[in-house]
Each structure stands twice: as C-alpha cells, then as structure tokens.
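Trainee: Sequence plus predicted model, see below.
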Amino acid sequence: MEFIFIAKVLLVLAILAISLLVATYTTYAERKVAAFLQDRVGPDRAGPMGIFQPFMDAAKMFMKEEIFPKDSNKFLFILGPALAMLTACMTSAVIPWSKDITLMGHRIPLQVANINIGVLYVFGVVSLGVYGIMIGGWSSNNKYSLLGAIRASSQMISYELAMGLSLIAILIMSGSLDLKDIVEKQHGFWTGSYFSWNFFRAPLSFLIFIICAFAECNRAPFDLAECESELIGGYHTEYSSMKLGLYLFAEYVNMFISSALISALFFGGYNFPFMDSIGNENAVAIIGLCVFFAKTFFFMFVYLWVRWTLPRFRYDQLMRLGWQYLLPLAIFNILVVGAIIMWRMM
Amino acid sequence: MQLTNRAKPVEKKAMNFSERIYLPAIMKGMSITFRHMFKKEPTIRYPEQKRDFSPVYRGVHILKRDENGAERCTACGLCALSCPAEAITMTAAERQPGEENLYREEKYASKYEINMLRCIFCGLCEEACPKEAIFLSNSIAMSNYGRKDFIYGKDRLVEPVSPPAEHVNNFEEVRREKWLSDTGREK
C-alpha cells in the first residue's frame, strides 16, 4: 500500500518535471526548427548549439520588472496566469504513459489516475483553460487584452465542439471513455486483417481532431489570440516578468499534452509493432514508454512545422471553418463510423 | 499602353474541390519547408567569421606614412575642399628642424579631423589627394556612445609606425590580391 503510494507520488512529480522540462525545451526547439525551416542558424550562443538558451530565457523572465497596470484587479491579474499553468499541467494526470511496470512484486501503473471517464476529464480541464485567458485579459483593464481574450475564448469554445464530436467516432469504436482502454484497444499494429491504430480506422476523426487541437492550443495557423503582428500581444499585453512567462509556458505545456493525447488516441499510444514477440513485460513497458514519447515528440514537431509554414487565418475564416465545415464534418464522420460498425455487427 | 509583352492577364477562376479544402496545398507547402531543414544555411557567424570586403570597399580613412615612416600629408587642404559633406578639417604647421623623420615635407597637418557622422564615404578625398596620403581602408567605423567620439583625430587616422607588412606601401595592390585569393579567383 505504502509502496504504491510512494510510487504514485514519484510518478506525479516525474510527470510534472518531465512536462515542464519538455515545455522548456520546446521553446528552444521552436526557435531552432523555425531557423532550420528558414535556412537560418537559430540560437547558438548559450552553450554548444545554444542548448542552455531556455534557461537563459527563464532567468531573464525572472529578473524582469513586475508591472501591475494601475487599474487592474490585482487578485485576478495574478490568478490568470496561475490558472493557465494549472490547467495545462492538470491534463497530464490521465494520460497512460505506458503499460504497468512490475517492480519488487508490485504492479505500478504508469498512469497517474486511471479514471473511467478520462476523455471527459481531459475535455473538462481543457475548457477550464479558457478561464486563465479570459481572467487575464479582463483583469488587465486594457482593451487590446480584452479583445485578445475574447478572440481566444470564442475560438476555444467553438473548436471544442468539433473536437468533442470528432472523438465520438473513437469512443464508438473502443466503447470506452477510459484512455487506457482506448489505447489497449489499439494493441500492437495489426489485428485480424487491418491496422489496429485509430488513425487508420478513423482518419477523418484524426484530421478534425488535429485541426481543433491546433486551435485549442492557440497555435498557428489559429493563433489569432496573440498574433504578434495584429494585436499588440493579445490577452497578455499587460503582463510582464514571469507572469508572462507562465502564459507562454502554459502554451507549450498544452502543446506537449495535446501531442501526447493525439498519439494516445490515434496512434496507439505506447503500442508498437511486434510488441507481442517480446517476452519480458517490463521491457515492453519501457520500450512502450520510449515509443510513446517518440510519437509525442513527432507531433510536437508537427506543431512547430505547421507554425512556420502556414499563414494565419482571418477571424471570419476561422469561425466559418469551425462552425460550417468541421462541425458538420464531425457529425458526418460519426454517421459513417456508426454505419460501418453496425454493418460489421450484422 | 503596353511597354513590354510580358504582362499576363490575371486569371481568376473558381477553385475546384481539392483547392477549396486546402489540404493538398498545405501538404505541398509543408514539404517545401521540410526540404529547407536540410539546406545549408548561408549564415556568417559574425564575430568569429568575417566576410571579406570587395577591393573597392570604402571604409574608415587611413593617413599613410611613406617608406621611412614619415607622414605623407602636407596639409594642402585639397581633401577638405573636395569633401562634399564637409567632414574634414585640418590645421597646417611648419616642420621644425629635426622632425624630418616625422613629416615628409616642410608642411604638415598638426591637426587633422574627420567627422565620421558627416562623412559619406564617397572616396573623393582619396581621389583629390596629390600626395597619396589618405586612403579609405576596408575597416568599418566603430560604434561609439557619444557624437564627440565620432570625430576621428590624427591618433586614430594615421597608420601605426610599424604597420603590418601588407599595409606598408602597395596598400591597394595587396588588398586586391588578398581578395582574389580569398574568393578563389585567378590573379
């Protein structure tokens, strides 16, 4: 009992540390990938290849002067970034990082909370993320911040619908809201006569989901909330010092978690081809963990790659895409997947 | 009126389905940016690497000495006269006995100042000089904190007494040869 408890606490700390570290290095990766895609060098001064750049940036953020706008609501002004960061970190609780590991006769699940409504939990927490942005934008008492916050929250609310509906196809196929179950259903790579990963079973779901995930994370091409070239900075215009850092950082944590979610839901999570031919269960779990991280990092690269390729949507285009195309498409997708499942059951 | 035959009429036809869903175009764009990942960047990492200037580059002025190390400038004032930006001022002085090793001729510039903020680096002073005393070198004017510091006096303009070999006499020639060999061209 105590062993399991300690293992859980360690797991929570490890996941928190890893997601923060990964987010830190994503800022570096973002700048490097941007540079490589544009035939540049990128940061290369702090340490070899500039690998200490994120720490320098963090140090800079901490040392900056902290400014409170004169008429801002101080409590909400601090609450905003705290909430953004909190919700970003909370999502990782239900992600199944790998199979259970057996250590000294105890089975340790590599998932913090194996709740049977994992997907719903994720959606609930993600929609809480809007509050961080909305509170921050509103409490800074600045029209640009408010406009940015309104943009961001209406965008997130719109795309959450299509995102949720796109997942229903997956839920029909796996018959469970439990993320662990969904991943287990995609066991291996090939079952019976077809690929087992959800990506191959419901490609349309994946397409809608990834588009919505981009919009949910406020990433390009849907980064209207903080488009540097149009608004002064969006909802975090008035923020400075580490409070600004937390907002920016929460975005990267969100990116990491949503990449993990995409690989868990559509690309088989910790499953990999020929996993049954490895006898040792612990070995499978550890390779699975690496595979899962590899998939996650790939999708984070896709995030960066898309950002430095596509131009930004206009606001009406964004809303039209969300409501007029993605939402009907998601409903159509549910019908098609449902029909196929019905036909196979008959 | 048409000046050339290269004008093309703008075609604005309705997009077909694959163009309207944008996905093929997005894939194409992403493949283009991905290919750039592996291209060699043309960056010159400045403080460590420096790009060579062309032999005709006009940088900060240098006041030359002759082969014995005496200043060539005789303070004739032609450079100041030719300067379109009026950046050059000087005061002439007479050479005293015993200073023959310092100044080449009987008259010399006791004060010679170029205001680097006024200077437009046109090189007319170099052209006007009858004594081959002033040249525009291939170094860039340094940045300073105050405007005062941009007025370069003799202390910064006159070349050092024992200059590096390539600076001695055939300044232009050496620079040109170096450029040719650096850029891999035939002499």
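Mentor: Perfect, I can see it now. Numbering: from 1, shown residues only, chains lettered A, B, ... in the order given.
Trainee: drop to CA atoms for contacts and neighbour counts, all remaining ones
Mentor: Noted.
Trainee: what's the helix or strand for residue A:332?
Mentor: Element membership for residue A:332 (DSSP states H and E) is helix A:327-345.
Trainee: That helix near chain B anywhere?
Mentor: No - figure legend: helix A:327-345 not in contact with chain B (Cα under 8 Å from any Cα of the partner chain); closest approach 12.2 Å.
Trainee: How about stretch A:294-308?
Mentor: Yes - using Cα under 8 Å from any Cα, we find that stretch A:294-308 touches chain B at A:305-306, A:308.
Trainee: Give the buried residues for that stretch.
Mentor: A:295-297, A:299-301, A:303-308 (16 or more other Cα atoms under 10 Å in any protein chain shown).
Trainee: List the contacts of residue A:61.
Mentor: A:241-242, A:245 (Cα atoms under 8 Å, 6 or more residues apart in numbering or on different chains).
Trainee: what residue lies at the spatial centre of chain A?
Mentor: The residue lying closest to the centre of chain A (Cα atoms, centre = their mean) is residue A:258, at 1.9 Å.
Trainee: Am I right that that one falls within a helix?
Mentor: Yes - under DSSP: H, G, I helix; E, B strand; the rest coil, residue A:258 sits within a helix.
Trainee: quick one: the strands in chain B?
Mentor: With DSSP state E, the ranges of strands along chain B come out as B:61-63, B:88-94, B:107-115, B:134-136, B:151-152.
Trainee: could those strands go into JSON lines alongside mean neighbour count, mean pLDDT and distance to residue A:84?
Mentor: Below are the strands of chain B laid out as JSON lines (neighbours: other Cα atoms under 10 Å in any protein chain shown; pLDDT from 0 to 100; distance: least, Cα to Cα, whole Å):
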{"stretch": "strand B:61-63", "mean neighbour count": "22", "mean pLDDT": "91", "distance to residue A:84": "58"}
{"stretch": "strand B:88-94", "mean neighbour count": "17", "mean pLDDT": "93", "distance to residue A:84": "62"}
{"stretch": "strand B:107-115", "mean neighbour count": "19", "mean pLDDT": "93", "distance to residue A:84": "55"}
{"stretch": "strand B:134-136", "mean neighbour count": "21", "mean pLDDT": "91", "distance to residue A:84": "59"}
{"stretch": "strand B:151-152", "mean neighbour count": "18", "mean pLDDT": "91", "distance to residue A:84": "54"}
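Trainee: Switch those over to a markdown table; also include distance to chain A.
Mentor: Converted to a markdown table, those look like this (distance: least, Cα to the nearest Cα, whole Å):
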| stretch | distance to chain A |
| --- | --- |
| strand B:61-63 | 33 |
| strand B:88-94 | 40 |
| strand B:107-115 | 35 |
| strand B:134-136 | 33 |
| strand B:151-152 | 33 |
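Trainee: Looking at those, which is nearest to residue A:267?
Mentor: Nearest to residue A:267, of all those, is strand B:134-136, at 65.1 Å by Cα to Cα.
Trainee: so what does the closest one touch, helix or strand wise?
Mentor: With contacts taken as 3 or more Cα pairs under 8 Å, 6 or more residues apart in numbering or on different chains; DSSP states H and E, strand B:134-136 sits against strand B:61-63, helix B:124-128.
Trainee: From the rest of the structure, what touches the worst-scoring helix or strand of chain A on mean pLDDT?
Mentor: Across the helices and strands of chain A, the lowest-confidence element by mean pLDDT, DSSP states H and E is strand A:190-191, at a mean of 78. Strand A:190-191 is contacted by residues A:196-197, A:273 when judged by Cα under 8 Å, 6+ apart.
Trainee: hang on, the earlier thing: elements contacting the helix holding residue A:332?
Mentor: helix A:143-174, helix A:203-216.
Trainee: angle of the longest one against helix A:327-345?
Mentor: Think helix A:143-174. Using axes from the mean of the first three to the mean of the last three Cα atoms, to 10 degrees, the direction of helix A:143-174 lies 10 degrees away from that of helix A:327-345.
Trainee: Just the mean pLDDT for the next helix or strand after helix A:143-174, thanks.
Mentor: Using DSSP H and E, the helix or strand that follows helix A:143-174 in sequence is helix A:179-185. For helix A:179-185, mean pLDDT rounds to 87.
Trainee: Send me helix A:179-185 as CSV with only the CA atoms.
Mentor: The C-alpha trace of helix A:179-185 is given here as CSV (Å, rounded to 0.1, in the frame of the first residue of the first chain):
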residue,chain,number,x,y,z
LEU,A,179,-7.9,6.5,-22.1
LYS,A,180,-6.2,3.3,-21.0
ASP,A,181,-8.9,1.2,-22.6
ILE,A,182,-8.7,3.2,-25.8
VAL,A,183,-5.0,2.7,-26.0
GLU,A,184,-5.3,-1.1,-25.2
LYS,A,185,-7.8,-1.5,-28.0
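Trainee: wait, what's in contact with the closest residue to residue A:140 other than its chain neighbours?
Mentor: Spatially, and ignoring its direct neighbours in sequence, residue A:140 is nearest to residue A:72 (4.9 Å; Cα to Cα, 6 or more residues apart in numbering or on different chains). Counting by Cα under 8 Å, 6+ apart, residue A:72 touches A:139-141.
Trainee: Up against chain B, what does chain A have?
Mentor: Remark: the part of chain A in contact with chain B comprises A:33, A:36-41, A:305-306, A:308-310, using Cα under 8 Å from any Cα.
Trainee: again, only using 7 Å
Mentor: A:36-41, A:309 (Cα under 7 Å from any Cα of the partner chain).
Trainee: In JSON lines, list the residues you listed along with secondary structure and distance to residue A:324.
Mentor: JSON lines is the format used below for these (DSSP: H, G, I helix; E, B strand; the rest coil; distance: Cα to Cα, whole Å):
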{"residue": "A:36", "secondary structure": "helix", "distance to residue A:324": "36"}
{"residue": "A:37", "secondary structure": "helix", "distance to residue A:324": "33"}
{"residue": "A:38", "secondary structure": "coil", "distance to residue A:324": "34"}
{"residue": "A:39", "secondary structure": "coil", "distance to residue A:324": "38"}
{"residue": "A:40", "secondary structure": "coil", "distance to residue A:324": "39"}
{"residue": "A:41", "secondary structure": "coil", "distance to residue A:324": "41"}
{"residue": "A:309", "secondary structure": "coil", "distance to residue A:324": "24"}
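Trainee: and of the contacts of residue A:72, the nearest to chain B?
Mentor: Looking at the contacts of residue A:72 and their distance to chain B, the nearest is residue A:140, at 37.1 Å (Cα to the nearest Cα).
Trainee: residue ranges with poor pLDDT in the chain?
Mentor: Let's take chain A. Across chain A, the ranges flagged by pLDDT under 70 are A:1, A:231.
Trainee: Oops, wrong one, chain B.
Mentor: Counting by pLDDT under 70, chain B contains low-confidence ranges at B:162-180, B:182-187.
Trainee: 90 - rerun?
Mentor: By pLDDT under 90, the low-scoring segments of chain B are B:1-23, B:37-60, B:65-70, B:96-102, B:104-105, B:131-132, B:137-149, B:155-187.
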